[in-house]
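Visitor: Pasting the sequence and the predicted coordinates here, then a few questions.
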Amino acid sequence: MQLAVHAMGDRALDRVMELFADEDPWLDGIPSVRIEHATIISEEYAARLRDARMSFGVATHTVFFFAEYDGYETALHEVQLADAYPIERLYRTVGPLALSSDRPATAWSGADDVMLSIEAAVRRRAYNGVEFGADAAITAAQAVLLYTGRAATLSPLEGVGRIAEGFDASFVVLDRDLFTVAEEEISAVRAAQTWIRGELVYER
């Protein structure tokens, strides 16, 4: 069984490392320990995740800093803000990685909107336009992978995360090209069709 630990701040994340880093993984093919939220991650901590004996995976959320910027600005000091939701750092350091919404943990009405989270990962701007760690930005293509192929490496799911022979043919057709649309318009991209196991179940 995979252990999922909710840990946002640096102290909580340090405690997860203390408890598990030197232990042997008990699962093959997926992380034995999955860290949910994973907010304050320094370059050093990301390297510790990568180099630990334990197999770690991370699920984190860009919609949080987008929707709740004021709270982070108030609660975190400058050093912590620089390490908050460092998606680019995690992308190049941690293999099993996913973006998610964690709705309804934030009251933002569109908190479960995948496109909003992708735009936040790409633009690194909060709801009020304030920049939130621009050097932690990733591309739209990378963000999509964190909802599909890379995300599938976090959990014991088979036949999902890719469009390929042998996979279950569940996918969404978008109403415009997510990879060429202006960054500030990503959140406006919508599903034109939804297919589940090869069957069209929704058409806009």
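Guide: Received the coordinates, thanks.

Visitor: Quick one: mean pLDDT for the one helix or strand residue 115 maps to?
Guide: When elements are assigned from DSSP states H and E, residue 115 belongs to helix 114-123. Average pLDDT, helix 114-123: 96.

Visitor: Quick one: list the elements packing against it.
Guide: Other elements packing on helix 114-123 under the criterion 3 or more Cβ pairs under 8 Å, 6 or more residues apart in numbering; DSSP states H and E are helix 63-67, strand 97-99, helix 140-145. C-beta: built from backbone N, CA, C; applies to glycine.

Visitor: And residue 41, how far from residue 69?
Guide: As defined by Cβ to Cβ, to the nearest Å, residue 41 lies at a distance of 18 Å from residue 69.

Visitor: So for the two, which sits in the more crowded spot?
Guide: Legend: neighbour count by other Cβ atoms under 10 Å for residue 41 and residue 69, higher for residue 41 (25 against 18).

Visitor: just for the protein, where's the confidence low?
Guide: 103-104 (pLDDT under 70).

Visitor: if you set the cut-off to 80 instead, what comes out?
Guide: 101-107, 156 (pLDDT under 80).

Visitor: all helices of it, in order?
Guide: Taking DSSP state H as the test, the helices found in the chain are 10-20, 43-51, 63-67, 69-75, 78-82, 87-93, 114-123, 140-145, 149-152.

Visitor: got the contact list for the residue nearest to residue 55 when sequence neighbours are not counted?
Guide: Once flanking residues are discounted, residue 55 sits nearest to residue 25: 4.1 Å by Cβ to Cβ, 6 or more residues apart in numbering. Contacts for residue 25 (Cβ atoms under 8 Å, 6 or more residues apart in numbering) come out as 31-32, 53-55.

Visitor: circling back to that earlier point, would you mind giving the helices of the chain as JSON lines with distance to residue 175 added?
Guide: Listed next are the helices of the chain as JSON lines, based on distance: least, Cβ to Cβ, whole Å:
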{"stretch": "helix 10-20", "distance to residue 175": "38"}
{"stretch": "helix 43-51", "distance to residue 175": "36"}
{"stretch": "helix 63-67", "distance to residue 175": "21"}
{"stretch": "helix 69-75", "distance to residue 175": "28"}
{"stretch": "helix 78-82", "distance to residue 175": "35"}
{"stretch": "helix 87-93", "distance to residue 175": "25"}
{"stretch": "helix 114-123", "distance to residue 175": "11"}
{"stretch": "helix 140-145", "distance to residue 175": "15"}
{"stretch": "helix 149-152", "distance to residue 175": "22"}
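
Visitor: what about these, which gets the closest to residue 170?
Guide: helix 149-152 (11.6 Å; Cβ to Cβ).

Visitor: from the middle of its chain, how far away would stretch 17-29 be?
Guide: 21 Å (Cα atoms, centre = their mean, to the nearest Å).

Visitor: quick revisit: of all the helices and strands packed on helix 114-123, which lies closest to residue 109?
Guide: Of those, nearest to residue 109 by Cβ to Cβ is helix 63-67, at 9.2 Å.
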